[in-house]
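Colleague: Predicted model, plus sequence, below.
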Amino acid sequence: KAGVTQTPRYLIKTRGQQVTLSCSPISGHRSVSWYQQTPGQGLQFLFEYFSETQRNKGNFPGRFSGRQFSNSRSEMNVSTLELGDSALYLCASSLDEISYEQYFGPGTRLTVT
Amino acid sequence: DAKTTQPTSMDCAEGRAANLPCNHSTISGNEYVYWYRQIHSQGPQYIIHGLKNNETNEMASLIITEDRKSSTLILPHATLRDTAVYYCIAYYSGGSNYKLTFGKGTLLTVNP
């Protein structure tokens, strides 16, 4: 069974631009979560989607948004990029709303210059 | 979710058992203990979880004390590839939280 895939793997953007990251969960998984990882703050929860509904959101500004499609694929968008948004963005999927064995993708390394 | 406390770093010799402790003294009765690890530059990997009883799978064993205030993850025969940051998380699976809160974790270094 294929794992969680994230595209692109690496991205370089400039301040003020926006970016869209994509995540394809494991087949059959309906929950997708997004995390930001930086050396200073560690792994921080961004948001979680289940059946196209956002069920929880972390403490991030409104510039960070996401959505989930009917096939469970998910995208996250960051608008008006800032230097501090440089991070590894990780997507994780889990089977359903009860199981919390999350399976993480390899991440998208975003660099903002 | 209950706060967990782990040592910042640990060393282990290759082939020996690695015992990683975690303190979760404020854990509530319905919170599970989850362990994940993150090898450098990769996404975290689920290892094991448990509620009360000790658990074992192909990767590791989880020993939870009777009072549930602490637990130990055991890698029975550590290899160099087990060098990673190990995260212990207390989480209630079934509520409306839907997020894992990762702490700083323990950097386990397996030495040859």
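Modeller: That came through fine.
Colleague: Show me what from chain B comes close to chain A.
Modeller: B:32, B:34, B:36, B:42-46, B:49, B:87, B:91, B:93-94, B:96-104 (Cβ under 8 Å from any Cβ of the partner chain). In short, each C-beta sits where N, CA and C put it, glycine included.
Colleague: list the contacts for B:A17?
Modeller: Contacts for B:A17 (Cβ atoms under 8 Å, 6 or more residues apart in numbering or on different chains) come out as B:74-78.
Colleague: Just the buried residues out of these, in ChimeraX syntax.
Modeller: Selecting only the buried entries of those in ChimeraX, with 16 or more other Cβ atoms under 10 Å in any protein chain shown as the criterion:
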select /B:74,75,78
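Colleague: would you turn the contacts of B:A17 into CSV with pLDDT?
Modeller: Converted to CSV, the contacts of B:A17 look like this (pLDDT from 0 to 100):
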residue, pLDDT
B:I74, 98
B:L75, 98
B:P76, 96
B:H77, 95
B:A78, 97
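Colleague: Count the neighbours of B:K69 for me.
Modeller: A count of nearby residues for B:K69, using other Cβ atoms under 10 Å in any protein chain shown, gives 13.
Colleague: and what of A:L95?
Modeller: 16.
Colleague: what helix or strand is the residue in chain B that chain A sits nearest to on?
Modeller: Minimum separation of chain B from chain A (Cβ to the nearest Cβ) falls at B:G43, amounting to 3.1 Å. For B:G43, there is no helix or strand it lies in under DSSP states H and E.
Colleague: Just the terminal-to-terminal distance for stretch B:44-57.
Modeller: In stretch B:44-57, first residue to last residue: 18 Å (Cα to Cα, to the nearest Å).
Colleague: can you give me the offset of it from its chain's centre?
Modeller: Its chain's average C-alpha position is 8 Å from that of stretch B:44-57, according to Cα atoms, centre = their mean, to the nearest Å.
Colleague: for chain A, which spans come out with low pLDDT?
Modeller: A:1, A:97-100 (pLDDT under 70).
Colleague: Leaving out sequence neighbours, find the closest residue to the residue nearest the centre of it.
Modeller: What sits nearest the mean C-alpha location of chain A, by Cα atoms, centre = their mean, is A:W34, with 3.3 Å. Distances taken as Cβ to Cβ, 6 or more residues apart in numbering or on different chains place A:L46 nearest to A:W34, at 4.1 Å, with adjacent residues excluded.
Colleague: Which residue, other than its chain neighbours, is closest to B:L73?
Modeller: In space, B:L73 is closest to B:L20, 4.4 Å off (Cβ to Cβ, 6+ apart).
Colleague: wait, doesn't the one you found sit right on B:S71?
Modeller: No: B:L20 is beyond contact range of B:S71, at 9.1 Å (criterion: Cβ atoms under 8 Å).
Colleague: Pull the number of nearby residues for the residue of chain B closest to chain A.
Modeller: 23.
Colleague: What of B:T72?
Modeller: 16.
Colleague: again with B:Y46
Modeller: 18.
Colleague: and the residue of chain A nearest chain B?
Modeller: Per Cβ to the nearest Cβ, A:F104 is where chain A lies closest to chain B, at 3.1 Å.
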